[in-house]
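>>> take this sequence and fold it.
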Amino acid sequence: MGVVVSVVAAALVPGMPQLLAAEPAPSWAELAAATREVGDRLRRLDVQAVLLLSTQWFTVLGHQVQCDPRLTGSRTDENWYRYDYGQLRHDLRIDVELAHAWADAVDAAGMQARRTRYDGFPIDTGTVTASRLLDPDGRGRWAIVSCNLYADPSAMGAVARAGVRAAGDRRVAVLAVSGLSSGLIPRWITPDQDRFENAEHDRWNRKVLDAIRAGADVGALIPEYARAAQVDSQFRAHAFLAGSGVVDGPGEVLAYGPVWGTGAAVVWWPAEEMGT
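From the prediction side, this is the model:
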């Protein structure tokens, strides 16, 4: 009898709320559809909980883990409030047992975890956007950790590994909600005007996505990529996903395109299960 890994997949999805627009740009619609496809795949794999990092929930002291069993309410995005996608309802169910075990595992790994639970906690736009696309019926279970801006990116991999250990025999997926290049168009535009204004950002995004498709060493590209394309949170998202243990092989790029000038992609890494 072989060993069945608990991590069944990893994925990178965008967190910009434009993906929820009633009249989206073509790239927004493609990215949203691809994110929904990731959610469909997770359900087909009978995922019991998702270990999620959103780079829009950032902290500077330790790693916060959400421990409120149910997060309901609405968020008014501070940048996009004038648009139909700027008012965001959310209803997330947290796997509290897993959340506490994850925080304990982070502490045991020599880092510092803080357990977060209070009414009206300001859930970030990335988490809300992604969860609405991935889990439109609100049936999924989540374990959510913050992105520590002052931690070395490699520390995010250690945080993910701690979450995998904490999951035990649960069937889990490891997801990062983040963008690629972060060069926002610095003015109001209509959806049909969205594009990459910096061709170098687009070139670097494609170079890294090509490396992901090939199963190449993406980590070796990240320092230069982060500098050349102003990458969201220095691509801590990939470091976090690397901690899942399943992103060494080729990833499937389901969608790529601009969101208000920034780079966004939906990437899927399946894990091979051994056993039976």
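>>> for the strand ranked longest in the chain, what is the average pLDDT?
In the chain, taking DSSP state E as the definition, the longest strand is strand 49-59. For strand 49-59, mean pLDDT rounds to 97.
>>> okay, now the sheet partners of that strand, with direction.
Strand 49-59 pairs in its sheet with strand 142-148 (parallel), strand 172-177 (parallel), by DSSP bridges.
>>> export it as CSV, just CAs?
Output of strand 49-59 as CSV, limited to C-alpha atoms (Å, rounded to 0.1, in the frame of the first residue of the first chain):
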residue,chain,number,x,y,z
ALA,A,49,-10.2,22.4,2.8
VAL,A,50,-8.1,25.0,1.0
LEU,A,51,-4.9,26.5,2.5
LEU,A,52,-5.0,30.0,1.1
LEU,A,53,-2.6,32.9,1.0
SER,A,54,-3.7,36.3,-0.4
THR,A,55,-1.0,38.9,-0.9
GLN,A,56,-3.7,41.5,-0.3
TRP,A,57,-4.0,40.4,3.4
PHE,A,58,-0.5,41.6,4.3
THR,A,59,1.0,41.9,7.8
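>>> can you give me the helices for the stretch 151-276 of the chain?
Taking DSSP state H, counting those that start in this stretch as the test, the helices found in the stretch 151-276 of the chain are 153-167, 199-214, 222-229, 236-242.
>>> can you tell me which of the ones you listed is most buried?
By mean neighbour count, with neighbours taken as mean count of other CB atoms under 10 Å, helix 236-242 ranks first of the helices of the stretch 151-276 of the chain at a mean of 27. All C-beta spots, glycine's among them, are computed from the backbone N, C-alpha and C.
>>> just say helix, strand or coil for residue 30.
Under DSSP: H, G, I helix; E, B strand; the rest coil, residue 30 falls in the helix class.
>>> quick one, what contacts it?
Residues counted as contacts of residue 30 (CB atoms under 8 Å, 6 or more residues apart in numbering) are 255, 257.
>>> for residue 186, see how far away it is.
As judged by CB to CB, to the nearest Å, residue 30 and residue 186 stand 24 Å apart.
>>> just give the closest residue to residue 139, not the sequence neighbours.
Computed as CB to CB, 6 or more residues apart in numbering, the closest residue to residue 139 that is not its neighbour in sequence is residue 93, at 8.0 Å.
>>> number of residues surrounding the one you found?
18 (other CB atoms under 10 Å).
>>> swap in residue 250?
For residue 250, using other CB under 10 Å, the count is 14.
>>> and the residue lying closest to residue 162 once chain neighbours are set aside, how many residues sit next to it?
Of all residues not flanking residue 162 in the chain, residue 105 sits nearest, at 3.7 Å (CB to CB, 6+ apart). Counted with other CB under 10 Å, residues neighbouring residue 105 total 21.
>>> wait, a helix at residue 105?
Yes. Assessed by three-state DSSP, residue 105 belongs to a helix.
>>> and the closest residue to residue 167 other than its chain neighbours, how many residues sit next to it?
Distances taken as CB to CB, 6+ apart put residue 6 closest to residue 167, at 5.1 Å, once the chain neighbours are dropped. Per other CB under 10 Å, the neighbour tally for residue 6 reads 20.
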